[in-house]
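A.B. asks: Kindly generate the corresponding structure for this input.
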Amino acid sequence: DEQRDSSHRQPFTEAAWGMFTGSYSYGNIVKKIFNPFSYERLVSALIKEGLGTLSRDKQAPARRKLYVGGRRVLILGSGFGGAYTLRHLVKSTNKNENIHITLVSNENYFLFTPLLHEVAMGSIETRHIAYPIRRLHWRDRFNFIRANVEKIDLKNRQVATSAGTLDYDCLVLALGSVTDKSQLSLEDGQVFTLKTLYDAIRLRNHIIDVFEEATIEKDVEKQKQLLTFVVAGGGYIGIQSVSELRDFIFKNLINYYKDIDPRLIKIILIESRPKIVGRMDTKLGAYVMEQLKKMGIEVRTQSRMTRAWKGQIEINGQDIIPTSTLLWSTGMISHPRITELDAEKDNLGRIKVNAYLELPIGSCVYALGDCAHFEDPKTAKPIPPRAHTTVRQAKIVAYNILADIRGRSKQAYRYTDTGEIVSIGDSKAVFRFYNLRLYGLPARLIWLIAYSTLVTGTYNRVRIVADWLLSMIFGRDATYLNLKDL
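C.D. replies: Down below sits the predicted model:
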């Protein structure tokens, strides 16, 4: 009992050590042995052990065997799930364990996606939310391959990539999600998404481009069409994007385009459900709705996009809205390589995992984030796909992989809905931590501190904070980048 708990005094251990080394006199040894407090701990330990023996099953569970030899751990994806699993693994391993860790991704950086809308609306420089994988700590303990994942063979424990076929002993599925446009009948024109750095650059270019066109357009109706912006999806991404879009336009762009009448500008948020962000706390949701209306944003609930073509969109099969900008921030499904696997999945293509985030059909195969369907035992519903949830799952996955290799017991993942935070433009937000709720500027300050702290790398944190300060003082970046020439 003393050997397992070194936080307290160890009289019996010290006495034995003194006898074998001669560092203690016999008088000191006798005092330690006959100390009444020492016997009190001995008696309590014996009682505890005896009660534990009686409560145990007659047949003790079989011990897990320690794996001897090299182990190949393959991580697919460099998002929150893949990057954080990698960080926890390399930090907890040593060279003597002969564990070969490889991360495969089509991008050589970890993208901090919660700030993509800030990049798209000119508050943050593009590359400041991207951190190169090869710059991570303990980079000598893992290998990185930039390649596309083409096929996952769970039966033969192989993954086919554009750089060749890779074998594995443990596999982590963290490829994330993709935008699903199957519900949208797109006949012509373009729909903007916000999943990658390229998407953010492309969206910002388009917003600036329509202002350039509108400033020289003489037809008022054509101007209205150019200056109408529609965001489909009233979730976290949609709310933050539409509010940042409003501030980008009315606090910056209209100052540069004096020939445009601000009254012609129209911003619309469309949500198919009865209220925006259905999972959000009711009081927080009401505050968000109130602020969006004060900002002049038209919110249409119970409205579904049914058709889109060049210069127009259709809502609920009847209302036609002339617009040149449609941002699609809804309809996320799991990665195609995940949806094609022969495993039990939900309607979004996410693989159903057990309490250890492991696939029931494969040994040492884990899925997390947007690739995993994990049900909350309290509600029997799948947990929402959020970045901070994926970060917690990554820690459990890394622990269980090492437990499998080292012959230890695995740890179950326990979901806790501790809180939520959503920004509303550049000066307001809503924040909840258990029953504590904050609104407006205090919540926005917490949002700024939280996200600047969570960003990987001191360099990136400093540059992001500097970008925020500079955009507040000098305004947001309104530079148009001609991507056709790149």
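
A.B. asks: need the next SSE after the helix or strand that contains Arg72, C-terminal direction.
C.D. replies: Per DSSP states H and E, Arg72 falls inside strand 71-76. Downstream of strand 71-76, the next assigned helix or strand under DSSP H and E is helix 80-92.

A.B. asks: Of all the residues in that next one, which ones are buried?
C.D. replies: Across helix 80-92, burial judged by 16 or more other C-beta atoms under 10 Å covers Phe80, Gly81, Gly82, Ala83, Tyr84, Thr85, Leu86, Arg87, His88, Leu89, Val90. To be clear about C-beta, it is placed using only N, CA and C from the backbone, and glycine gets the same treatment.

A.B. asks: just these now: which is nearest Lys48?
C.D. replies: Minimum distance to Lys48 across the buried residues of helix 80-92 is 32.9 Å, recorded for His88 (C-beta to C-beta).

A.B. asks: residues near the residue nearest to the closest one when sequence neighbours are not counted, how many?
C.D. replies: Residue nearest to His88 in three dimensions, not counting chain neighbours: Ala398, with 3.5 Å by C-beta to C-beta, 6 or more residues apart in numbering. Look at Ala398: counted by other C-beta atoms under 10 Å, it has 24 neighbours.

A.B. asks: quick one: Ala398 is in a helix?
C.D. replies: Yes. Per DSSP: H, G, I helix; E, B strand; the rest coil, Ala398 lies within a helix segment.

A.B. asks: Help me confirm that it comes into contact with Val90.
C.D. replies: No. Contact criterion C-beta atoms under 8 Å: Ala398 and Val90 do not qualify, at 9.1 Å.

A.B. asks: so what's the residue positioned nearest the centre of the chain closest to, chain neighbours aside?
C.D. replies: The centroid of the chain falls nearest to Ala387 when counting by C-alpha atoms, centre = their mean (2.1 Å). Spatial nearest neighbour of Ala387, excluding adjacent residues (C-beta to C-beta, 6+ apart): Phe80 at 5.2 Å.

A.B. asks: Quick check, that neighbour in contact with Lys395.
C.D. replies: No. Phe80 is beyond contact range of Lys395, at 11.5 Å (criterion: C-beta under 8 Å).

A.B. asks: which residues touch Tyr168?
C.D. replies: Arg72, Val73, Leu74, Arg157, Gln158, Val159 (C-beta atoms under 8 Å, 6 or more residues apart in numbering).

A.B. asks: what's stretch 154-167 in contact with?
C.D. replies: Residues external to stretch 154-167 that are found in contact with it (C-beta under 8 Å, 6+ apart): 72, 74, 76, 102, 104, 145-153, 168-169, 171, 341-343, 359, 361-362, 365.

A.B. asks: Mark which of those are part of helices, please.
C.D. replies: Judged by DSSP state H, helices contain none of the contacts of stretch 154-167.

A.B. asks: Next step: those restricted to strands.
C.D. replies: Under the assignment DSSP state E, the contacts of stretch 154-167 contribute 72, 74, 76, 102, 104, 145-146, 149-153, 171, 365 to strands.

A.B. asks: farthest-separated two in those?
C.D. replies: Longest distance between any two of those is 22.8 Å, between Arg146 and Val365; criterion C-beta to C-beta.

A.B. asks: Could you list the low-pLDDT ranges of the protein?
C.D. replies: 1-42, 45-46, 49-50, 52-69, 187-189, 362, 484-486 (pLDDT under 70).

A.B. asks: where along it do the helices fall?
C.D. replies: Under DSSP H, the chain gives helices at 11-21, 26-33, 36-55, 80-92, 116-120, 197-216, 220-226, 236-248, 254-256, 282-294, 336-339, 387-406, 441-454, 458-474.

A.B. asks: Highest average neighbour count across those: which stretch is it?
C.D. replies: Mean neighbour count, computed with mean count of other C-beta atoms under 10 Å, is highest for helix 116-120 among these, reaching a mean of 26.

A.B. asks: before we move on, the earlier item: packing partners of the strand holding Arg72?
C.D. replies: Using 3 or more C-beta pairs under 8 Å, 6 or more residues apart in numbering; DSSP states H and E, the elements in contact with strand 71-76 are helix 80-92, strand 99-105, strand 170-173.

A.B. asks: and of the ones you listed, who's closest to Val288?
C.D. replies: Comparing the helices and strands packed on strand 71-76 under C-beta to C-beta, the one sitting nearest is helix 80-92, at 24.1 Å.

A.B. asks: any residues touching the closest one, and which ones?
C.D. replies: 73, 75-76, 99, 101, 103, 105, 110, 113, 133, 136-138, 141-142, 172, 174-176, 368-371, 387, 390-391, 393-395, 397-399, 401-402, 456.

A.B. asks: Out of the helices and strands packed on strand 71-76, which is closest to Gly475?
C.D. replies: Gly475 lies closest to helix 80-92 among these, at 31.1 Å (C-beta to C-beta).
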